[in-house]
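In: Provided below for reference: sequence and predicted model.
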Amino acid sequence: MGTMILKLAARNLLRNTWRSGLTAGGIAVAVGLLIWTNAFVEGYMAQMIEGTTAVELGQVQIHRGDYADQQAIYKSFEPKPEMMESIRSVEGLEAVAPRVEFFGLAGTERKSQTTRILGVEVGAEKDVSLLDDAIEKGRWLEPSDQGREVVLGQSLARQIGVDVGDELVVIAQAQDGSLGNDLLDVVGIVKTQNNMIDRQTAIVPLKEAQFLGALGGEVHELAIRTKKPDQAEAVANTVRQRLADRRIEAIGDDGEPKKVGFTVQSWQDLVPEMNQMIQMSKSSIWIYYIIIYLIAALGILNTQRMSALERRREFGVIQAIGMSPGRLFGVVMLETVILSLFGALLGVLAGGGLSIYHAAYGFDMGIFASHDTFSMLGVGMSAHVYFIVTLEGVLQPVLALLPVAILCGLWPALSSANLDPASAIAGRQ
Amino acid sequence: MWKLAWRNLWRNRTRTLILVSAVALTYGMALVWIGMSDEIHGDMAEAAVKTAGGSVLIHGDGYWDTRSNEMLVEQPAEVSEAVQSVDGVESVTQRVLLQGLLNSARNSNPVQLTGLPPEKGASIHDVEDWVVEGSWPDSPHDAPIALGKGIVESLEIQLGDKVVMTATAPDGELTRALFRLGAILDTGSKSLNESAAYTSLDVAQKVMGLGDRVTQLGITIEDGLDEAKMAEDIRAAIGDQSKAEREGLEVLTWQTAMPEMVGAIELDDAMMYVYLIVIFLIVTFAIANTFMMSVMERVREFGLFNALGLNDRRIAVMVLEETILLAALAIVSGFVLGFSGHLIIQQVGIDMAAFTGGEMEMAGVQLMDMTITSELNPGKWLMATGFVFVVIVLSALYPAWKASRLAPAEAMEFYE
Amino acid sequence: MSLIEVSGVERTYRQGEVEVHALRGVDVTVEGGEFSALAGPSGSGKTTLLNMIGGLDSPTAGTVDVNGSRISDMDRSKAADYRLHHIGFIFQAYNLVPVLSAYENAEFVMMLQGVPKAERRERVVPMLREVGLEGMIDRKPSELSGGQQQRVAIVRALASRPKLILADEPTANLDSETSADLLDLMLELNQEYGTTFLFSSHDELVLERARRVVRLRSGQIESDQRDSDEQVA
């Protein structure tokens, strides 16, 4: 019985191949477009997250508790080996690197610029960020960590007017208020598309930065890279628990000694506007779903209604010889669902195929614009987007189509089931 | 013939209504979408102009790329006069822009110090409107400075406190200048609050030893003029006044100054058109389908027309006439829909601030106007309308052709 | 108890402002095994009466009982179910499901009844052979002539072994030779299976063969003639 209904429905669709074909084609374009959009947004957002976190930020950062409200050079802490050990053993953590960060002036005798001095432990930093990969000219810092050398952001180097091989004077107000200065060799230039780094940052070995800032063995930041980007919040939570009871002696703003703890932040906490952007982009896809399916629905509705109207006499006969209205309803409904699923399948093949192609070779949005890079929230974005095809991104448009198809099938199915067999057979409306 | 086409259209009322509403809905939505995009892009462009300092900018040659404190406009008064004589120029504002480090006893903070002439409106940003504490531009102090509230918090200072700015002077020497906090600003943007500092033009010139020289001439132009063309005219005008002076200046449009923003707008625009075209493709399937149905249904009738002496061409023309009427109907109702949507959004506005936390940085520009309204661009709307019309008529071409070709017997087979 | 008992049936339609009285008080009974026809010009009410008996239409007044069940009181679903199990239908030409083959059309009613596949085959194949459709059972209706299509419709009606077959102008759209063959076939089947046949028709070929002709005019019974020679049993 079930197979009979299925057979009837399928054959009825095949009876009018051009009509079913056009309707399925419309559905396929709609589903394909949504699958493609999902893969595009996934890829684009991954690029944004990567741009935000991979270059420098890391997925999780640890600071002294009072550092977040106001970043000041004296708000440093000592990364004790056993503390580092307890952080390193957190599941999902790939690497952790200590950093020193403060503002100073960097320049030559002729000219200097306000500069963010970033001290990194060369060996550890390699595993956390992509700063070393961003070398545009020259080389990255010596792994020995002993060099009196500096790597500059590209725009900063141009502003100061120095190049690889030149010497650079760095002056900074140290933690104790004294003025620290040193003469460093420019060994490399980085270009990251991240404005903060390219325009303002001078990267020096950790020990050099600690010397300039008179910080001893202390640091400002521990940056963590997680094994996967989506583990950031979980790792942050675990680290937060492990550091919850640790306190360090510090001098408060009022000059009185006090105890402060640690702040652990995931990139979502650190760049909330980026996180919001991503969430908003993901949720606004539903507007596309609504618009596209509303239009596709009107197409489906029109064809299925016509096809049911055309067969009134046939449905009258079928009911007269004993098919119940309920079964007839099922047959007509099933037609719409099968047609929609077939269209969806075509859409999955077309949209999925195109997405996979764009995942492998990238999609070049630059063909639409005269400039092929742009930046958002300070992160440089390439117009060449590599799509990410997820099972969810492919299935969601198909699943969302089902209720649409069912709604569109209701009218024709109900009117077929409720027709008056006597007048339908006689050819009266 | 038109009358017959019209009646044919209404023979199947529901079908025509569904089709018309599908097209009208899509077309109306496209109009609203275009309107909202234009408004957003307008806001983005406006924000970019504000960030850059004007629609057209004049700096010492090479300044924009390096933001170097020592690249200056040597004779700003003369250049300004020459620029003002150009048709279409609204205003010319002289500014000093200095990158430097601001120090208090407690802390230091990098800033961009902008020196502004005293008259109101001299900045494209309305500094006066941002003042939350203190007074601006009138100040009891000799060298007043207005700072974003983020800087004030970071430096832990109060109104009247001293701050020292360390910056490179034009001669390349590191110079320290003393200011007193005259006003605290809330710009509405977190990052501006953390980096923006203002003082008066003459104070900036004096403390940095600039003499009459300025960093930037920000030029606003009358609405609707082409920036590139204006830049061309301005370049020529400066050239006329003093050839030597021109050699050392760069004249930029905001588009050349902020290429990433132009890229972002173009990309967004292009993606919108890609989506609109694909969505219309879906509609095309529905239209072609419906017309195919209506043609096949009436194949006997067409045979009758044929017998009555209507030739094939005229049958095709009749079907096309039906399409044109349907397109017109859909476009009229879609326009009513789209235009009302546009008016409503223009009046009410969609507040995006709730999603983005009040501001959004894009291509180095703070977008602070996060309320989307709609802007009517007649050219674009007309283009979209033409596109919809052509798409509908094209999608009925095959059914029309088929109608003129089909022998009734063949059609019955095709149809059953 | 008679197979069909129609008593005091009236049927009024509204056509715009006008009331049309299709049936104005009809009483008629039909016994099991009859081969009878409702005759009359078009508009006389014969199709309406047939539809009443098949539960496709409900009377404005009066009752219709078939096989002891009050079909005139059933709702749509019940009536459909009743038809499925107790009544076979044959309509004018072109009443097969176009997407199903001759065989599938013939077994359609049994499939709806839930008769197992093997049994359906057992019943349908010999009957299709009997009506002369051997070798055509996989053809679609569009590949069969009008007469052949009606033979499939007859098998479809008969195969489920109903007590009653209602045939509404079964010979319309057919030439007289084909009609005659078809009617002879139905008469044969009537005798072979004892199935009651009730026609509505104004075709002389039908009326010649019917053993009882009930004539209607303007919604009322005008005459009720039995072929007494053959009724003697």
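Out: Yep, it's here.

In: So which residues on chain C come close to chain A?
Out: Residues of chain C lying close to chain A by Cβ under 8 Å from any Cβ of the partner chain are C:47, C:51, C:54, C:56-57, C:76-77, C:80-81, C:83-85, C:87-89, C:91, C:95, C:97-100, C:108-109, C:111-114, C:156-157, C:168. C-betas here are computed from N, CA, C, even on glycine.

In: Just the buried ones from these?
Out: Taking 16 or more other Cβ atoms under 10 Å in any protein chain shown as the criterion, what is buried in the residues of chain C next to chain A is C:47, C:51, C:54, C:56-57, C:76, C:80-81, C:83-85, C:87-89, C:91, C:95, C:97, C:99-100, C:108-109, C:111-112, C:156-157, C:168.

In: coming back round to it: among the residues of chain C next to chain A, which are in strands?
Out: C:Ile87, C:Gly88, C:Phe89, C:Asp168 (DSSP state E).

In: residues contacting the last one?
Out: It stands for C:Asp168. By Cβ atoms under 8 Å, 6 or more residues apart in numbering or on different chains, the residues touching C:Asp168 are A:Ile425, C:Thr47, C:Leu50, C:Asn51, C:Phe89, C:Ile90, C:Phe91, C:Gln92, C:Phe199, C:Ser200.

In: quick one: the spatially most central residue of chain C from chain B, how far?
Out: By Cα atoms, centre = their mean, chain C has its centre lying nearest to C:Leu166, at 1.5 Å. C:Leu166 sits 27 Å away from chain B, going by Cβ to the nearest Cβ, to the nearest Å.

In: ok, and the closest non-adjacent residue to that residue?
Out: Excluding the flanking residues, the one nearest C:Leu166 by Cβ to Cβ, 6 or more residues apart in numbering or on different chains is C:Gly54, at 4.9 Å.

In: Please give me every residue in contact with residue 73.
Out: Chain wasn't specified; assuming chain A. A:Phe102, A:Ala172, A:Gln173, A:Ala174, A:Gln175, A:Gly213, A:Leu215, A:His220.

In: if you could check chain C rather than the one you did, that'd help
Out: The neighbourhood of C:Asp73, defined by Cβ under 8 Å, 6+ apart, consists of C:Thr63.

In: Report pLDDT for it.
Out: We have a pLDDT of 88 for C:Asp73.

In: next one: B:Ser191
Out: 74.

In: Chain C contacts on chain A?
Out: With Cβ under 8 Å from any Cβ as the criterion, chain A comes near chain C at residues A:1, A:4, A:8, A:11-12, A:14-15, A:313-314, A:317-327, A:420-422, A:425-426.

In: quick one, what contacts the residue of chain C found nearest chain A?
Out: The minimum distance from chain C to chain A, using Cβ to the nearest Cβ, falls at C:Leu84 (2.8 Å). By Cβ under 8 Å, 6+ apart, C:Leu84 lies in contact with A:Ile321, A:Gly322, A:Met323, A:Ser324, C:Val109, C:Leu112, C:Gln113, C:Ser160.

In: can you put these in CSV and add pLDDT and distance to chain B?
Out: What follows is the contacts of C:Leu84, written out as CSV (pLDDT from 0 to 100; distance: Cβ to the nearest Cβ, whole Å):
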residue, pLDDT, distance to chain B
A:Ile321, 86, 21
A:Gly322, 84, 24
A:Met323, 86, 21
A:Ser324, 87, 26
C:Val109, 88, 23
C:Leu112, 85, 24
C:Gln113, 86, 28
C:Ser160, 85, 27
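
In: ok, which pair from the residues you listed is furthest apart?
Out: A:Ser324 and C:Ser160 (15.0 Å; Cβ to Cβ).

In: higher neighbour count, the two?
Out: Neighbour tally, A:Ser324 and C:Ser160, criterion other Cβ atoms under 10 Å in any protein chain shown: the higher count belongs to C:Ser160, 26 against 19.

In: Report the contact partners of the closest residue to the more buried one other than its chain neighbours.
Out: Nearest residue to C:Ser160, sequence neighbours excluded (Cβ to Cβ, 6+ apart): C:Val109, at 4.5 Å. Contact partners of C:Val109, counting by Cβ under 8 Å, 6+ apart, are A:Ile321, A:Gly322, C:Leu84, C:Gly88, C:Arg156, C:Ala157, C:Ala159, C:Ser160.

In: and C:Val109, how far is that from C:Gly132?
Out: C:Val109 sits 20 Å away from C:Gly132, going by Cβ to Cβ, to the nearest Å.

In: how far does stretch A:168-187 sit from the chain's center?
Out: Computed by Cα atoms, centre = their mean, to the nearest Å, the chain-centroid distance of stretch A:168-187 equals 38 Å.

In: Convert it to PDB, retaining C-alpha atoms only.
Out: As requested, the backbone C-alpha atoms of stretch A:168-187 are provided in PDB (Å, rounded to 0.1, in the frame of the first residue of the first chain):
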ATOM      1  CA  LEU A 168      67.300  51.300  16.000                       C
ATOM      2  CA  VAL A 169      67.200  53.300  19.200                       C
ATOM      3  CA  VAL A 170      64.500  52.200  21.600                       C
ATOM      4  CA  ILE A 171      63.500  54.300  24.600                       C
ATOM      5  CA  ALA A 172      60.900  53.400  27.200                       C
ATOM      6  CA  GLN A 173      59.800  54.400  30.600                       C
ATOM      7  CA  ALA A 174      60.600  51.400  32.800                       C
ATOM      8  CA  GLN A 175      58.500  49.900  35.500                       C
ATOM      9  CA  ASP A 176      60.400  51.900  38.200                       C
ATOM     10  CA  GLY A 177      59.900  55.200  36.300                       C
ATOM     11  CA  SER A 178      63.500  55.300  35.000                       C
ATOM     12  CA  LEU A 179      64.200  55.700  31.300                       C
ATOM     13  CA  GLY A 180      65.500  52.500  29.700                       C
ATOM     14  CA  ASN A 181      67.200  52.600  26.300                       C
ATOM     15  CA  ASP A 182      69.100  50.400  24.000                       C
ATOM     16  CA  LEU A 183      70.500  50.100  20.500                       C
ATOM     17  CA  LEU A 184      69.200  47.200  18.500                       C
ATOM     18  CA  ASP A 185      69.800  45.700  15.100                       C
ATOM     19  CA  VAL A 186      66.900  45.600  12.700                       C
ATOM     20  CA  VAL A 187      67.000  42.000  11.500                       C
END
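
In: Can you give me the buried ones in that stretch?
Out: Using 16+ other Cβ under 10 Å as the test for burial, stretch A:168-187 gives A:168-175, A:180, A:182, A:184, A:186-187.

In: Chain C: strands as residue ranges?
Out: Using DSSP E, strands in chain C cover C:4-15, C:18-30, C:35-39, C:61-66, C:69-70, C:87-90, C:164-168, C:196-200, C:212-217, C:220-226.

In: Kindly reformat the ones you listed as TSV containing mean pLDDT.
Out: Shown next, in TSV, are the strands of chain C (pLDDT from 0 to 100):
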stretch	mean pLDDT
strand C:4-15	88
strand C:18-30	89
strand C:35-39	92
strand C:61-66	91
strand C:69-70	90
strand C:87-90	90
strand C:164-168	91
strand C:196-200	92
strand C:212-217	92
strand C:220-226	88
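
In: mind putting the ones you listed in a markdown table, distance to A:Ile388 included?
Out: Shown next, in a markdown table, are those (distance: least, Cβ to Cβ, whole Å):
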| stretch | distance to A:Ile388 |
| --- | --- |
| strand C:4-15 | 64 |
| strand C:18-30 | 68 |
| strand C:35-39 | 72 |
| strand C:61-66 | 67 |
| strand C:69-70 | 65 |
| strand C:87-90 | 59 |
| strand C:164-168 | 63 |
| strand C:196-200 | 68 |
| strand C:212-217 | 75 |
| strand C:220-226 | 79 |
